[in-house]
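> coords below, sequence missing:
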């Protein structure tokens, strides 16, 4: 069982930056691939980024490549999403998720409650 708690969301102007954090419980954090997803009002939840269990592999959806960076610190049981050059279309609730071992864009097992990110124009 893994429990995930996101933090770091907020209101920022277009062009600004935010760093999201996701703290995980449990001693097996380093065996999970981690992902970030987002859901805008009236839309489905979409994949944003993922990172492999040891941080060696990452994956991003095209719309955030070059602007967002996912990273993890297994000693702190935490995964991060650094978001730069934010755009109003990045406005959404951002969710952290975990799945055993292999990196992927779907089939995540554990989910956090989400943190709101609002980008004003």
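The structure has been received and is ready for your questions. Note that the structure is a prediction, hence the values are computed from the model and not measured.

> neighbours around residue 99, how many?
19 (other Cβ atoms under 10 Å). All C-beta spots, glycine's among them, are computed from the backbone N, C-alpha and C.

> could you pull out the helices for this protein?
Shown for the chain, no helices are assigned by DSSP state H.

> so where's the protein uncertain?
For the chain, applying pLDDT under 70 flags no range at all.

> show me the contacts for the most centrally placed residue in the chain.
Among the residues of the chain, the one closest to the centroid is residue 36, at 2.6 Å (Cα atoms, centre = their mean). Taking Cβ atoms under 8 Å, 6 or more residues apart in numbering, we find residue 36 in contact with 20, 22, 48-50, 70, 79, 81, 94-97.

> how far away is it from residue 115?
Separation of residue 36 from residue 115 (Cβ to Cβ, to the nearest Å) stands at 10 Å.

> and if you look at residue 58?
Applying Cβ to Cβ to residue 58 and residue 115 gives a distance of 20 Å.
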